[in-house]
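[1] next one to model:
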Amino acid sequence: MSDIRRVLENIKNIDCQADKLETEITNAYSDYDYYSDGNIEVKRSEELDREGLKAYSARLDKTGEPKVVMFVNEGLDHYVAKVEDAYIE
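    This next block holds a predicted model:
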């Protein structure tokens, strides 16, 4: 079992095929203490995009759970996705 800081570290290490990004984000929560109590919501957060990076957010669908915001760099062919930065909100 782990806390949300461990989830954040797992997310910061994601480097995968673009079509596997949501699955990898969900997998980052696998050891989270409260994971069995709900589902992980992963959303594209275009309003938070940075130059060259796409923003996503993830959180357990329970009231009061922290949100992890991440910034993803997609390769030129949009085949590879790598998390460049992330934080807990």
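
[2] measure the spatially most central residue of the chain to residue 33 for me?
    Taking CA atoms, centre = their mean, the centroid of the chain lies closest to residue 25, which sits 4.4 Å from it. Distance, residue 25 to residue 33, by CB to CB, to the nearest Å: 17 Å. Quick note: C-beta positions are derived from backbone N, CA and C, even for glycine.

[3] do a quick rundown of the strands in this structure.
    15-17, 40-44, 54-60, 68-74, 80-88 (DSSP state E).

[4] out of these, flag the one nearest residue 7.
    strand 68-74 (6.4 Å; CB to CB).

[5] for residue 2, grab the count of nearby residues.
    14 (other CB atoms under 10 Å).

[6] again, but for residue 38
    Applying other CB under 10 Å, we find 14 residues neighbouring residue 38.

[7] thought it was touching residue 60?
    Yes - contact criterion CB atoms under 8 Å: residue 38 and residue 60 qualify, at 5.0 Å.

[8] what about the protein, any weak spots by pLDDT?
    1, 34-37 (pLDDT under 70).

[9] try it again with 80
    Along the chain, segments meeting pLDDT under 80 span 1-2, 33-38, 62-63, 76-78.

[10] so which of the strands of the chain comes closest to residue 9?
    With CB to CB, the closest approach to residue 9 among those belongs to strand 80-88: 8.9 Å.

[11] sheet partners, orientation included, of that closest one?
    strand 15-17 (antiparallel), strand 68-74 (antiparallel) (DSSP bridges).

[12] distance of the residue nearest to the centre of the chain from residue 8?
    11 Å.
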